[in-house]
Structure formats: C-alpha cells, structure tokens
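Undergrad: Sequence and predicted model, in that order:
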Amino acid sequence: RDYISAIPEESDMYFNTSTIKLKVPAGEEFKGSVLLKNLYLSCDPYTRGVKQSDSATTKQDRIVFFSPDSPIVGYGVSKVVDSQHPEFKAGDLVWGITKWEEYTLITNMESFFKINHTDVPLSYYTGLLGMPGMTAYAGFYEVCNPKKGEYVYISSAFGAVGQIVGQFAKLMGCYVVGSAGSQEKVDKLKNKFGFDEAFNYKEEPDLNAALKRYFPEGIDIYFENVGGKMLDAVLLNMRLHGRIAVCGMISQYNYEQHEGITNLMHLIYKRIRMEGFFVFDFYHLYPKFLDLVVPYIKEGKITYVEDIVEGLENGPASLVRLFSGRNAGKGVVAVARE
Ligand code: NDP
C-alpha cells in the first residue's frame, strides 16, 4: 500500500517483540546516548507520515515518522534508565521524539526537554504541555497577533491543538467559535472549554452559510487545522486585515488529488495575512509557555481532554482513530505508568 497517500489502517502496522539490553552500550559511538523507558506515546496527525519532499524546509527533515518495518517515530514522555549524556541521569523524566517501543536508545537528545513540573498529569507532556500546546501557543500568540474582542474561528476545535487555542482565545477576551465532527464534541466545546458557539461541520451542507450564521460581522482570526472546503468557505467570511494561521490541513493529508481552493483572491480584497508555521521554529519560547500555562492549569483556568488507551498493542487502533475523528480529545498511548 502507498502509505503516504492512503488513509492509515490498523493493518498497516504490526506488533513485534524483540529484546534490548537495559544499558547504553559501551563505546565511543554511544557517547551522549540515553536509554529511555517510554511511558506515554503521542498519537498525532504527522505520525501517519510526511513525504520527505514536503518536510524539506523544516528542521525535522531527516525524521521519517512512519516507514515500513521500522518502529513508528513520534513524541512521547519517557524516563531515563541509563545515560552517557552529561545533562541526563537515570530517573529523569523527559519529553521529545522517541519511538513506539517499550524502551528506546536515543543517540541524539536534541529534541528532548527535561520535565520539571511533575505535579500535573505526566501524559500532558504529549499534549497540553508538549508539542500540541506549543503549537497552539506559537500559532495563536505569535502568528495571529490576537486582540481582545476579536472574532476567532478554530476548525478541528476539539483536537489536541484546537481545544487549547480556544481556551487561550477565551482568556484573551475574544469571541470564539469552533467546529468539530460530532454533537458530543460540539457540546463539550461549549460546556467544558467555554467556547461561545460551536457547530458540527458534517451536518452543514453549506459551510459558507454556517459561518455567516456564527460570524455575521466576519472572522478576524482563523486557526486553520483542516484545509480544503473549510478554508475556502472561511476566506469568504474573513474581515478586513484578518489573520489566518495555517497550522495544518488534515482533510488533505490522505488524498493524492487535493481539493481546490477557489476563494484565494479574498486574501487581496480583504488584505488578509495568511501564514504557515511550524512549531519546531518556536521551541525557544518553551520556558515562557510553561510560565503562562502551568499556573493556568493549577488555577483551573485551562482544562484538557485526553483519549488514553492502555498498552502499546492498542497504539495502531488509537492512531487510526485520528483520521476519522473517533478520538475524543488528545490521543495518547499509555505504555507504562512509571
Ligand atoms: P487532532 O487531535 O485535531 O486530531 C485530528 C482531528 O481532525 C480528528 O479528531 C477529526 O476531528 C479531525 N479530522 C480528521 N479528518 C478530517 C477531515 N477530513 N476534515 C475535517 N476534520 C478532520 O489533531 P491535532 O490537534 O494534533 O492537530 C491539528 C492540526 O494541526 C493537524 O492538521 C496537524 O497536522 C496540525 N499540526 C501542525 C503543527 C505545526 O507545527 N504546524 C504541529 C502539530 C499539529 P473531527 O471530529 O472534528 O472531524
């Protein structure tokens, strides 16, 4: 199967048992290496695989997340078991790019952050306090340049990134509307995360009409997660000098023939700024992000919904659920609890 353009299926993955010695091997080539016990693995849309040509301009261009007969690569929360790295010692908790295994030998710790706040759920470092949280933070505050009172729209709003963006926007005093693919998600957007309005995009035959209903005066900020027909309808409803942060386009990942956009000229008519961004370019802001978000969590101002499955063997099913929207919140695989 062409795993790059097809919708991922559970049968694209298999579970393998092999053994690993629970020590970093001796030798010059393993200097700086760390052996990790993986606790929580993150299910993210990128896990399905990125064409190497598509990732050529990112700092992650050498990482292949999903390739035949290799463990899946992805973000996770792990515990250091053994280390030949001066900055990491046995017992340290870290998050970064690991593999879908019980234990992983990492030879380059560049992608890892040490976890210092342990009085919050550790699984949050795959989501709210990890890469998706940083994506929400960078995309909303750095790319959208939001102001109090602005009209904000978020697609895939119940997802790992979307639920955080919505709460940031509410804390800033914006009017916030989100869309998601089920009534249950729509209800939670309003009742749990405090969105002003939410709608099920699957039940809207005319997306343009739906957006006009929720934004009679237009949209100032669109946080783009899905692309395709949704983006086209949003362009018609943007206000003058609006901003679109292009975070992702999940509706387009599984197709060879992408859906066309016909309303791009609205970028000009309305002087809209549309900017793509990659979270990897913003990791230097991680300490600033923690200073903002950890107190919000402790004060109960930000909440987070996770969809946790137990056991590595249930990882493939959990990953596949992302592409049909059957995940109810941030997808996480719990491999071990400590
Ligand atoms: P989500 O947790 O939102 O999971 C994916 C969700 O997308 C599903 O639950 C489903 O929800 C929705 N979805 C799936 N297929 C479609 C479709 N065809 N049309 C519309 N919605 C669909 O993922 P994340 O929050 O982790 O990621 C959100 C976006 O951000 C993705 O596009 C991702 O690639 C991107 N991203 C970009 C980063 C960057 O650095 N730029 C970093 C991290 C993520 P529903 O029930 O609503 O349909």
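TA: Cool, the structure landed.

Undergrad: just the helices in the stretch 51-200 of the chain please.
TA: In order along the chain, the stretch 51-200 of the chain carries the following helices (DSSP state H, counting those that start in this stretch): 131-137, 162-171, 183-191.

Undergrad: Let's have those helices in JSON lines, adding distance to the ligand, mean neighbour count and mean pLDDT.
TA: To be clear about C-beta, it is placed using only N, CA and C from the backbone, and glycine gets the same treatment. Rendered in JSON lines, the data for these read as follows (distance: least, CB to the nearest ligand atom, whole Å; neighbours: other CB atoms under 10 Å; pLDDT from 0 to 100):
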{"stretch": "helix 131-137", "distance to the ligand": "4", "mean neighbour count": "25", "mean pLDDT": "98"}
{"stretch": "helix 162-171", "distance to the ligand": "6", "mean neighbour count": "25", "mean pLDDT": "98"}
{"stretch": "helix 183-191", "distance to the ligand": "6", "mean neighbour count": "17", "mean pLDDT": "97"}
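
Undergrad: So which of those helices is nearest residue 281?
TA: helix 131-137 (10.4 Å; CB to CB).

Undergrad: Which residues outside the helix of greatest length in the chain are in contact with it?
TA: Looking only at the chain and at elements set by DSSP state H, the helix with the highest residue count is helix 286-298. The set of residues external to helix 286-298 that reach it, using CB atoms under 8 Å, 6 or more residues apart in numbering, is 113, 117, 119-120, 124, 128-129, 133-134, 137, 171, 302, 304.

Undergrad: Up against the ligand, what does the chain have?
TA: 44-46, 132, 135, 156, 158-162, 180-182, 185, 225-226, 247-251, 277-279, 322-323, 325, 327 (CB under 6 Å from any ligand atom).

Undergrad: thinking again about what came up before, out of the contacts of helix 286-298, which two are the most distant from each other?
TA: Within the contacts of helix 286-298, 113 and 171 form the most distant pair, 23.7 Å apart (CB to CB).

Undergrad: Put the alpha carbons of the helix or strand that residue 307 is a member of into PDB.
TA: Taking DSSP states H and E as the criterion, residue 307 maps to strand 306-310. These are the backbone C-alpha positions of strand 306-310, laid out as PDB (Å, rounded to 0.1, in the frame of the first residue of the first chain):
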ATOM      1  CA  GLU A 306      -7.300  13.200  26.600                       C
ATOM      2  CA  ASP A 307      -8.300   9.900  24.900                       C
ATOM      3  CA  ILE A 308      -5.800   7.500  26.600                       C
ATOM      4  CA  VAL A 309      -5.600   3.800  25.500                       C
ATOM      5  CA  GLU A 310      -3.600   1.300  27.600                       C
END
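
Undergrad: Which neighbours in the sheet does that strand have, and how are they oriented?
TA: If you go by DSSP bridges, strand 306-310 pairs up with strand 330-334 (parallel).

Undergrad: the inter-axis angle of the partner strand versus helix 162-171?
TA: Going by axes from the mean of the first three to the mean of the last three CA atoms, to 10 degrees, strand 330-334 is angled at 130 degrees with respect to helix 162-171.

Undergrad: neighbouring contacts of strand 330-334?
TA: The set of residues external to strand 330-334 that reach it, using CB under 8 Å, 6+ apart, is 39-44, 100, 123, 126-128, 132, 159-160, 163, 304-312, 314-315, 318-319, 321-322.

Undergrad: Write the PyMOL selection for whichever of those are buried.
TA: Remark: buried members of the contacts of strand 330-334, expressed as a PyMOL selection using 16 or more other CB atoms under 10 Å:
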select buried, resi 39+40+41+42+43+44+100+123+126+127+128+132+159+160+163+304+305+306+307+308+309+312+315+318+319+321+322
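
Undergrad: Among the contacts of strand 330-334, which lie within strands?
TA: With strands defined by DSSP state E, the entries of the contacts of strand 330-334 inside them are 39, 40, 41, 42, 306, 307, 308, 309, 310.

Undergrad: Which pLDDT value does the model give the closest residue to the fourth one other than its chain neighbours?
TA: In this case it means residue 42. Beyond its immediate neighbours in the sequence, the residue positioned closest to residue 42 (CB to CB, 6 or more residues apart in numbering) is residue 126, lying 3.7 Å away. With respect to pLDDT, residue 126 has a value of 98.
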